[in-house]
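In: Build me a structure from this.
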Amino acid sequence: MLSRLSLAIDPVPGGSLVDAQRGRRILLVALAVATLLKFALAAALPLTGDEVYFFLWGKYPDYGYYDHPPMVGWWLAGLLTLGQSEWWLRLPAIVLNTAIAWGIYTLLRQHQPERRARLVAILYLLAPVNVVNVLITTDTPLILFSFLSALALHRAVRSGRMGWFAVAGLCLGLALLSKYFAGLLALAFAVTLLALRPSRRNLAGLLIVALVALPFMGLNLWWNYEHCWNNFLFNFMNRHEHPHADWRTPLLFLALSLYTLTPGLMWRVWQARRAGLAADTRLFAWLWLLPMAALAALSIRTQIGLHWLLSFYPFFFIGLTSMLDEERLHQSIRFMAGFSALHLAVLAVLLLLPLQVWKPGLRDSIALGTYSDRYWAQIEPLLGDATLATRDYVRSAILEYRSGRHVPVFGMGSKYARQDDQLTDFRQYDGRDIALLLADQNTVPDYARFFDRHEVRPIVVKGVPQYLLLGKGFRYAQYREEVLLPVREQYYRRPAILSCAGCAFEQRYFADTTFP
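Out: This is a model prediction of the structure:
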C-alpha cells in the first residue's frame with residue numbers, strides 16, 4: 001500500500017506539471033489511505049499501559065494530574081462520553097498527523113509550487129513514527145498545539161498583525177497545558193524573535209505571546225500549589241534523581257534523532273546542504289534546531305526519550321526540506337515508504353508471536369493487556385466483597401478499563417504514574433478484604449504480611465499465570481508505617497520554598513505528624 005502511494009506521486013510521463021486541482025486530489029487520496037491504515041492499526045493493537053492510565057484521567061477529570069498538566073485527560077473525558085473502544089479513544093492520535101500533513105501542504109503552497117508542497121506533505125505523512133504511532137498520550141495534544149502555535153507565529157512575523165501573535169500565544173498556552181516540553185518551544189520563540197529577527201514589532205509580539213500564554217501556565221501552577229506541587233516535582237526533581245554525565249546518553253540522543261529523521265532523508269539533506277534554507281520557511285528550521293540543541297545539551301546528563309522529539313518533528317519537514325529539489329524529494333519519499341513498510345511488517349510479526357517467546361516480565365504484561373477480558377472473567381467470581389488491587393499502575397489501569405471498577409495500586413509503586421495516590425484512601429480499607437493480583441508468586445510474602453490471613457488462587461490465560469492473593473483483614477496501621485510513610489518521604493517531599501495550600505496525601509495519612 002505504501003509503495004503504491006509512493007508511485008502515485010512520481011512525475012507524470014514527459015515531466016509535465018500537475019495542476020493544482022489534480023495535485024490536491026492526489027494528496028487527499030494519500031491522506032485517506034494513511035488514515036485508514038492507522039484506523040486498522042488502532043483497532044488491532046491492544047491499549048498500552050500508559051494509554052489506559054490516561055483513560056483514568058478522563059474517567060476522573062481534574063484541572064491537573066500527578067504527572068502532567070491536564071489536556072489529554074480533558075480530551076479523553078470528552079471521548080468517554082460517547083464510548084471507550086480502543087480505536088475511538090485513539091481517534092485524536094489517528095487523525096493528528098493527517099491534519100498536520102494537510103497543514104504543511106497548505107502552508108508551503110503559499111510560498112512554493114504546489115507540487116513541492118504536496119511532496120513534502122506526503123514525505124511527512126510517510127515517516128515511520130507517523131505511520132505507526134496511533135497511541136493516545138500526553139504528546140498527542142502537545143504536538144497539535146505546538147504545530148498550530150508555530151503556524152500562527154509564522155503568519156504573525158510575515159504579516160506583522162498582532163492578532164496572530166495572540167493566536168500563537170493561545171496555542172502555546174494550550175501546549176503548556178499538555179506537557180512541560182512546550183517550554184522548549186516557548187524558549188525557541190523568544191530566541192528566534194529577539195536574537196534572530198530583532199525588531200520592535202517582534203518584541204511587542206513576543207510580549208503578546210507571553211501575556212496570552214501566561215494564564216494557561218498559571219492554571220497549572222495553581223493546581224500544583226493546591227496539590228503538593230506534584231507534577232512540578234515529578235517533572236523537575238523526582239524523575240531525574242541523581243542525574244550524572246554518561247557518554248552513552250548523548251549517543252542515544254543522536255541515534256534517536258537519526259532514526260526519526262531517517263538515514264535516507266538525512267543523507268539527501270546533507271547532499272543538498274549548500275542549497276540553503278528558503279527564506280519563507282526559515283523560521284521553522286530554527287524552531288526545530290533550537291529545541292534539538294537544548295535536548296542535545298540535556299542528553300549529557302539525562303536520557304532523552306523518543307517522544308521528547310515529536311512535538312518539534314513537523315518543523316524539520318517545513319524548514320529543512322526546502323533545500324531538496326524534486327528529484328531528491330521523490331527519492332526520499334520512496335525510501336520513507338519502504339522504511340515504513342518495514343516497520344509495519346515487523347509490527348505484524350510481533351503481534352503474531354506466541355506469548356511464550358517473550359521474557360517473563362514482558363510476557364505477563366502483554367498477556368494481561370491483550371487478554372484482560374479473560375483474566376477479569378476468572379477474577380470477578382473470586383472477589384466477593386474484596387476490592388481488587390494490583391502492585392503497579394499499568395495492571396490497575398488495564399483492569400479498571402476492563403471491569404469498570406476502581407482498582408487501587410497497592411504497595412510502593414514507582415515514581416511514575418502516581419495519580420492513584422489522589423484517588424485511593426487506604427484508611428477506608430482497614431480491616432476489610434483486598435484481592436491483590438500479582439504476576440510473580442514469589443512476591444506473595446511481601447504483601448501477605450499486611451493481612452490477618454490470606455490464600456492464593458492462580459489465574460491462567462493462554463498458559464500465562466497470574467496469582468490472586470485474597471487478603472483477609474487489611475492492616476492499615478502497618479501499611480501506613482511500612483508503605484505510605486516511605487512513599488511520602490520519596491515522592492512528596494518538597495523544598496521549603498515551595499509552600500502549598502494543601503497536600504491531600506499528607507493530610508489524609510499524616511495529619512498528626514510534623515515533617516521537617
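In: Need the residues that contact the helix or strand hosting residue 477.
Out: Counting by DSSP states H and E, the element that carries residue 477 is helix 476-479. Under the criterion CB atoms under 8 Å, 6 or more residues apart in numbering, residues 426, 427, 429, 430, 431, 449, 450 lie in contact with helix 476-479. For every residue, glycine as well, the C-beta is placed using N, CA and C.
In: hmm, which of these are the buried ones?
Out: Among the contacts of helix 476-479, those scoring as buried are 426, 429, 450 (criterion: 16 or more other CB atoms under 10 Å).
In: Sort out for me which of those are in strands.
Out: When the buried ones among the contacts of helix 476-479 are checked against strands using DSSP state E, none is located there.
In: what's near enough to touch residue 93?
Out: 38, 42, 133, 134, 135, 136, 137, 140.
In: quick one: which two of the contacts of helix 476-479 are the most distant?
Out: Put simply, by CB to CB the two of the contacts of helix 476-479 set farthest apart are 427 and 449, 18.8 Å from each other.
In: circling back to that earlier point, okay, the contacts of helix 476-479 in CSV with distance to residue 395 next?
Out: Rendered in CSV, the data for the contacts of helix 476-479 read as follows (distance: CB to CB, whole Å):
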residue, distance to residue 395
426, 18
427, 23
429, 18
430, 23
431, 25
449, 20
450, 18
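In: correct me, but residue 319 touches residue 279?
Out: No - with contact defined as CB atoms under 8 Å, residue 319 and residue 279 do not form a contacting pair (11.1 Å).
In: More neighbours: which of those two?
Out: residue 319 (21 against 9; other CB atoms under 10 Å).
In: Can you give me the distance of that one to residue 107?
Out: For residue 319, the distance to residue 107 (CB to CB, to the nearest Å) stands at 11 Å.
In: shared neighbours, these two?
Out: Shared contacts of residue 319 and residue 107, defined by CB under 8 Å, 6+ apart, comprise residue 281.
In: Neighbour-wise, which one of the contacts of residue 93 leads?
Out: The most crowded member of those, judged by other CB under 10 Å, is residue 136 (28 neighbours).
In: Need the residues that contact stretch 344-353.
Out: Residues beyond stretch 344-353 that count as contacts (CB under 8 Å, 6+ apart) turn out to be 2, 41, 44, 45, 131, 132.
In: and these, which are buried?
Out: The neighbour-count test (16+ other CB under 10 Å) applied to the contacts of stretch 344-353 identifies 2, 41, 45, 131, 132 as buried.
In: on that earlier part again, filter the contacts of residue 93 down to the ones in helices?
Out: When DSSP state H defines the helices, the subset of these inside them is 38, 42, 140.
In: show me what contacts the last one?
Out: With contacts taken as CB under 8 Å, 6+ apart, residue 140 has the following neighbours: 72, 75, 92, 93, 96.
In: low-scoring pLDDT stretches of the protein, where are they?
Out: When residues are selected by pLDDT under 70, those of the chain lie in 1-20, 239-245, 514-516.
In: could you pull out the strands for it?
Out: Under the criterion DSSP E, the chain carries strands at the ranges 387-390, 434-438, 451-461, 464-474.
In: Export the ones you listed to JSON lines and append columns for mean neighbour count and distance to residue 402.
Out: Formatted as JSON lines, the strands of the chain follow (neighbours: other CB atoms under 10 Å; distance: least, CB to CB, whole Å):
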{"stretch": "strand 387-390", "mean neighbour count": "24", "distance to residue 402": "11"}
{"stretch": "strand 434-438", "mean neighbour count": "23", "distance to residue 402": "12"}
{"stretch": "strand 451-461", "mean neighbour count": "14", "distance to residue 402": "12"}
{"stretch": "strand 464-474", "mean neighbour count": "20", "distance to residue 402": "13"}
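In: And the ones you listed: which comes nearest residue 356?
Out: Of the strands of the chain, the one closest to residue 356 (CB to CB) turns out to be strand 464-474, at 8.3 Å.
In: And the contacts of the closest one?
Out: Strand 464-474 is touched from outside by 355, 363-364, 367-368, 375, 379, 382, 386, 426, 429-441, 444, 447-448, 450-460, with contacts defined as CB under 8 Å, 6+ apart.
In: Report the strands that pair with that strand, each with its relative direction.
Out: Using DSSP bridges, the neighbouring strands of strand 464-474 in the sheet come out as strand 434-438 (antiparallel), strand 451-461 (antiparallel).
In: how long is stretch 366-377 from one end to the other?
Out: Stretch 366-377 has an end-to-end distance of 17 Å (criterion: CA to CA, to the nearest Å).
In: how near is the residue nearest to residue 509 when sequence neighbours are not counted to residue 452?
Out: If you skip the residues right next to it in sequence, residue 509 has residue 484 as its closest partner in space, 5.1 Å away by CB to CB, 6 or more residues apart in numbering. Remark: distance between residue 484 and residue 452 (CB to CB) = 19 Å.
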